[in-house]
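Enquirer: generate a structure from the sequence data that follows.
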Amino acid sequence: MSIEQEWEDSYRGRDPAEFAHLAEGNARQARKRVSADAVIQDETGRLLLVDPTYKPGWDLPGGMAEANEPPRETLRRELKEELDLDLHIGELLCVDWVAPHGPWDDLVAFVFNGGTLSADQAQHLRPVDPELAAARFCSRDEAAQLLRPYEWRRVQAALTALDSGNVLYLQNGHA
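Expert: Residues are numbered from 1 along each chain as shown. Below is the predicted model of the structure:
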């Protein structure tokens with residue numbers, strides 16, 4: 001039985017007024033922006049970063065979820081759209097709640113293990129979407145210079161989780 005069928009069955013036979021009341025409450029609840037990014041490395045351990053055209057600074061590859069899209073599917077879609085990568089998305093490394101900033105509401109950022117690209121994959125990697133000006137592999141020291149401080153803290157936490165096997169929860173990049 002699918003999860004959708006389980007949920008539907010759990011409401012079958014309930015009072016329609018109660019269902020309407022719950023739906024009304026749901027409509028008033030906060031909606032969260034969700035992003036999903038990947039730690040992707042080359043065979044030498046360098047990190048893949050991308051340079052978005054729509055915001056300052058470099059970033060991990062990934063992007064924003066569409067309505068009702070699971071984070072792992074968001075990441076798969078974004079990697080395919082922006083870099084023409086069709087990767088197995090590994091384990092969750094960290095979740096970071098980011099406070100409202102600039103024009104943006106708060107955000108829940110998921111970071112997954114995107115694995116290691118072969119030398120051939122890394123050599124031929126190019127952005128295929130105008131949202132990205134560039135993509136490059138860089139050392140951790142270079143990444144620390146290219147990423148905004150809170151992004152670098154998130155990447156450091158993701159790398160720690162990759163080494164330890166323990167998923168981390170962050171707030172604004174801090175454990």
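
Enquirer: got the contact list for the nearest residue to Gln171 once chain neighbours are set aside?
Expert: By the measure of CB to CB, 6 or more residues apart in numbering, the closest residue to Gln171 outside its immediate chain neighbours is Trp97, 5.0 Å from it. For every residue, glycine as well, the C-beta is placed using N, CA and C. Taking CB atoms under 8 Å, 6 or more residues apart in numbering, we find Trp97 in contact with 106-109, 169-172.

Enquirer: for Trp97, pull up the helix or strand it's in.
Expert: Assigned by DSSP states H and E, Trp97 belongs to strand 92-98.

Enquirer: that strand pairs with which strands?
Expert: strand 107-116 (antiparallel), strand 168-171 (parallel) (DSSP bridges).

Enquirer: including distance to Leu47 and mean pLDDT, could those go into CSV?
Expert: As requested, those are exported to CSV (distance: least, CB to CB, whole Å; pLDDT from 0 to 100):
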stretch, distance to Leu47, mean pLDDT
strand 107-116, 10, 98
strand 168-171, 17, 97
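
Enquirer: between these, which one is nearest to Ala135?
Expert: strand 107-116 (12.6 Å; CB to CB).

Enquirer: which parts of the next helix or strand along the chain from the closest one are buried?
Expert: Per DSSP H and E, strand 107-116 leads on to helix 119-124 as the next helix or strand towards the C-terminus. Using 16 or more other CB atoms under 10 Å as the test for burial, helix 119-124 gives Ala122.

Enquirer: what's the answer for stretch 60-80, then?
Expert: Counting neighbours by 16+ other CB under 10 Å, stretch 60-80 gives 60-63, 65, 71, 74-79 as buried.

Enquirer: ok, now which ones touch the residue nearest the centre of the chain?
Expert: Relative to the mean C-alpha position of the chain, the nearest C-alpha, by CA atoms, centre = their mean, is the one of Ala36, at 1.0 Å. Contact partners of Ala36, counting by CB under 8 Å, 6+ apart, are 62-63, 65, 71-72, 74-75, 78, 109-112.

Enquirer: return the member of the residues you listed nearest to Ala122.
Expert: Using CB to CB, the contacts of Ala36 come closest to Ala122 at Gly62, 17.5 Å.

Enquirer: quick check: the closest residue to the closest one other than its chain neighbours vs Pro56, distance?
Expert: With CB to CB, 6+ apart as the criterion, Gly62 has its nearest non-adjacent residue at 3.3 Å, and that residue is Asp37. Using CB to CB, to the nearest Å, one gets 17 Å for the distance from Asp37 to Pro56.
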